[in-house]
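Asker: task: produce atomic coordinates for the following.
(chains A, B, C and D)
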2 protein chains.
Amino acid sequence: MAKYLNQKPILVAVDCIIFGYDGEHLKLLVIKRAIEPIKDQWSLMGGFVGENEDLNGAAKRILLELTGLHDVYLEQFCAYGNPERDPIERTISIAYFALIDINKYSKQINDQYHAEWFKLKEIPALIFDHDEMVRSALAKIRYQAALHPILFELLPKKFTIPQLQTLYEQVYDSPIDNRNFIRKITASGLLIKQTEKDKSSSKRGAFYFKLDRQKHRSQFQSFLNFIR
Amino acid sequence: MAKYLNQKPILVAVDCIIFGYDGEHLKLLVIKRAIEPIKDQWSLMGGFVGENEDLNGAAKRILLELTGLHDVYLEQFCAYGNPERDPIERTISIAYFALIDINKYSKQINDQYHAEWFKLKEIPALIFDHDEMVRSALAKIRYQAALHPILFELLPKKFTIPQLQTLYEQVYDSPIDNRNFIRKITASGLLIKQTEKDKSSSKRGAFYFKLDRQKHRSQFQSFLNFIR
DNA sequence: GCAAAAGTGTTTTCTATACACCCATGT
DNA sequence: ACATGGGTGTATAGAAAACACTTTTGC
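Answerer: I've put the predicted structure just below:
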């Protein structure tokens, strides 16, 4: 087969910016590199794209290796290609953000990576351009979440309105009026009220809701304006 | 310097989806490949990322080669990495869309590429996954233009409201009420009315406007909702 | 005088926002 | 009985949408 001549191939990596929410705080999952080079520094979870792998496939694989999770919400948001970004060897990186239900994550599955969750305001310095990736992943999530119902991906199947509201407040780092919030959320028709309550965080208890998966899919592209 | 071992590098290309507007129709610029392999087929303008070049730099260079233009609005929107996407050799491609003032473009500058403008509904089949790139570039532009004032990039320095409205109608492929359109546009405060008129398209003539570059920059991130 | 495109206002509906109190329950 | 978090309604202001006629002027 013919080949392109005189072109220099480049290493291609995928990095995952993994967000989780524990019902109280929005958190980022990072790993401490256990191997040289640059051992013991905090880093995003990443890896090289394999020979017969597409980009999404590589991102899924990497996420599976770290978290043990399939079927995670993953979105490609930027390619980084500064020639100096990785001092070891020229590498371009395709960045994905992932939104996972933190309750499904179990550390044990892959503690070979020394993964750790950090609250957004307590993230340590990361290698390479990973700090910038985190900043722009967060900006992208704010942008997307203002228009599309993506934050449900961070919640368990059953969740309460106060949990959901706190999540939005975390993402936008600002308080939300809860009457207006409930009005918008219920107007969206995306939630199905359950009969059980979560009594873990108050005496009265808060009703559980489930996401209406069908409506969620069909309304995903319509702009929702949850936040302004 | 230490290197990553056992990793297979991949060719990295940039492809530009170049949109232009002639005051009447939104158009796409494509080239007829003059060289083997796959000679004489329609293609987007692309090229490989150089050894000391970042991704935006490569996109700018490629755009300059084809159009002779600097300072073009360019936005990276997706990386394509299917292992089969380029049958000649494994290549990943970082796709950018460009919005250019078609009046500034002059064919002569680089007719080595046999470039040609096509109306959106008359685009020929393109090689590789370029058809898909065009589709998603257009979707991205619709998305962006609904929220940010990017379509001015397609217009000359002085333009008329009817031209602007026709542009929006082309992008969204749907008619817009011109009283409501003018209200929104003037409310945005982005336009500065000129004293001259464009008499080329009507007897009465339409006033020229200029973009208020300062406001344009400062309001870029605020969501404008030009279209719903 | 007429054809062709530019420009102009009003009404109605909907959506966003601001705001404060009662409810249910475990201790 | 009281402390804690959950849940509820209304009034106002602003934005979007629907809608049709008059103006200018070159021919």
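
Asker: the longest helix belonging to chain A near DNA strand D anywhere?
Answerer: Using DSSP state H to define each element, chain A has its longest helix at helix A:130-147. No. Judged by C-beta under 7 Å from any atom of the strand, helix A:130-147 makes no contact with DNA strand D; its nearest approach is 14.2 Å. For every residue, glycine as well, the C-beta is placed using N, CA and C.

Asker: packing partners of that helix?
Answerer: Helices and strands touching helix A:130-147, by 3 or more C-beta pairs under 8 Å, 6 or more residues apart in numbering or on different chains; DSSP states H and E, are strand A:11-21, strand A:73-80, strand A:91-101, helix A:161-172.

Asker: just so I know, which of those lies nearest B:Pro162?
Answerer: Nearest to B:Pro162 among the helices and strands packed on helix A:130-147 is strand A:73-80 (36.7 Å), distances taken as C-beta to C-beta.

Asker: neighbouring strands of the closest one in the sheet, and parallel or not?
Answerer: strand A:91-101 (antiparallel) (DSSP bridges).

Asker: and the next helix or strand past the partner strand?
Answerer: Moving toward the C-terminus from strand A:91-101, the next helix or strand (DSSP states H and E) is strand A:115-119.

Asker: what's that next one packed up against?
Answerer: strand A:26-32.

Asker: what comes up buried for the strand it packs on?
Answerer: In terms of neighbour count (16 or more other C-beta atoms under 10 Å in any protein chain shown), strand A:26-32 has its buried residues at A:26-31.

Asker: that older thread, and the angle from the longest helix of chain A to helix B:130-147?
Answerer: 70 degrees (axes from the mean of the first three to the mean of the last three C-alpha atoms, to 10 degrees).

Asker: now the angle from helix A:130-147 to helix A:161-172?
Answerer: Put simply, helix A:130-147 runs at 130 degrees to helix A:161-172, going by the same axes, to 10 degrees.

Asker: and helix A:130-147, how far from the chain's centre?
Answerer: How far helix A:130-147 lies from its chain's middle: 9 Å, per C-alpha atoms, centre = their mean, to the nearest Å.

Asker: also stretch A:148-163?
Answerer: Offset of stretch A:148-163 from its chain centre (C-alpha atoms, centre = their mean): 13 Å.

Asker: so does it get close to DNA strand D?
Answerer: Yes. Shown here: stretch A:148-163 in contact with DNA strand D (C-beta under 7 Å from any atom of the strand) through A:160-162.

Asker: which among the residues you listed gets closest to B:Arg183?
Answerer: A:Ile161 (37.2 Å).

Asker: any weak-confidence spans in chain A?
Answerer: Scanning chain A for pLDDT under 70 picks out A:1-2, A:223-228.

Asker: in PDB, list the C-alpha atoms belonging to stretch A:113-128.
Answerer: Provided in PDB are the C-alpha atoms of stretch A:113-128 (Å, rounded to 0.1, in the frame of the first residue of the first chain):
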ATOM      1  CA  TYR A 113      -2.600   3.800  40.000                       C
ATOM      2  CA  HIS A 114      -2.800   5.400  43.400                       C
ATOM      3  CA  ALA A 115      -5.800   7.300  42.300                       C
ATOM      4  CA  GLU A 116      -7.300  10.000  44.600                       C
ATOM      5  CA  TRP A 117     -10.300  12.200  44.500                       C
ATOM      6  CA  PHE A 118      -9.800  15.900  45.200                       C
ATOM      7  CA  LYS A 119     -12.300  18.600  45.700                       C
ATOM      8  CA  LEU A 120     -12.100  21.200  42.900                       C
ATOM      9  CA  LYS A 121     -10.600  23.800  45.100                       C
ATOM     10  CA  GLU A 122      -8.000  21.500  46.400                       C
ATOM     11  CA  ILE A 123      -6.500  20.000  43.300                       C
ATOM     12  CA  PRO A 124      -2.700  19.700  43.500                       C
ATOM     13  CA  ALA A 125      -0.500  20.900  40.700                       C
ATOM     14  CA  LEU A 126      -0.400  18.400  37.800                       C
ATOM     15  CA  ILE A 127       2.200  17.500  35.200                       C
ATOM     16  CA  PHE A 128       2.600  18.900  31.700                       C
END
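
Asker: sweet, I'm off.
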